[in-house]
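Novice: Output the structure for:
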Amino acid sequence: MTNYGSIPTSSHPSPPIDLEYISHVKHRIKSGLATRRPWKTMFDTESMTLPHGFFDAISRIKTNLVYFRANYVIAVLVILFLSLLYHPTSLLVLAILVVFWIFLYFLRDEPLVVFGHQVDDRTVMICLSVLTIGMLLFTHATGNILGSLLTAVVLVLIHAAIRRSDNLFLDEEAAAVTETSGLMSYPSS
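Specialist: All right, here's what the predicted structure looks like:
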């Protein structure tokens with residue numbers, strides 16, 4: 001006899017959901033995305049003007065690259081993703097690398113320490129960029145990758161040059177990062 005109205009049950013209890021872990025991950029995602037500046041601020045049309053000269057453009061580029069660093073990384077990764085839509089192997093490799101980007105760059109809530117040295121965000125970003133480009137070049141989509149990276153770099157530099165930086169407020173820590181070499185000694189406990 002079949003019980004059509006009954007709900008099937010499993011003899012094995014389902015694994016408990018660790019709500020504390022999910023809450024921690026949610027908090028890390030929010031705090032990781034907090035380093036991203038609002039897109040509305042980034043594309044504020046009233047702040048878009050041509051620089052007064054070469055040195056003004058260089059100054060704007062330096063300031064905007066630090067201030068909008070996370071936004072620029074996201075924009076470059078999106079452009080790279082769009083260029084790889086017709087290369088499934090490259091897209092899979094990029095998806096795996098995006099996981100590295102998320103956990104090592106965007107969602108870290110503690111400084112990264114390697115061999116007793118604290119590694120700053122700029123160094124992590126450069127290492128992940130080199131790893132991403134290197135791994136994607138092994139997927140034989142070189143033309144698409146180099147074309148999209150060139151496009152992304154040109155767009156980022158154009159934006160950084162025409163976006164006025166006099167109304168941006170860098171905190172002292174971000175300003176100090178631009179002057180460090182990338183590796184800082186980590187005090188041992």
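
Novice: Give me the nearest residue to residue 144, chain neighbours excluded.
Specialist: residue 83 (4.6 Å; C-beta to C-beta, 6 or more residues apart in numbering). Heads up, the C-betas are built off the backbone N, CA and C, glycines and all.

Novice: What separation is there between that neighbour and residue 91?
Specialist: 10 Å (C-beta to C-beta, to the nearest Å).

Novice: Thought residue 148 was touching the residue nearest to residue 144, still the case?
Specialist: Yes - using C-beta atoms under 8 Å, residue 83 makes contact with residue 148 at a distance of 3.5 Å.

Novice: Got phi/psi on residue 119?
Specialist: phi -100, psi 130 (degrees, to the nearest 10).

Novice: need the contact list for the residue nearest to it when sequence neighbours are not counted.
Specialist: Distances taken as C-beta to C-beta, 6+ apart place residue 112 nearest to residue 119, at 4.6 Å, with adjacent residues excluded. Neighbouring residues of residue 112 by C-beta atoms under 8 Å, 6 or more residues apart in numbering: 104, 118, 119, 124.

Novice: tell me the SS of the second one?
Specialist: When you say that, I think you mean residue 118. Three-state call for residue 118 (DSSP: H, G, I helix; E, B strand; the rest coil): strand.

Novice: Understood, closing this out.
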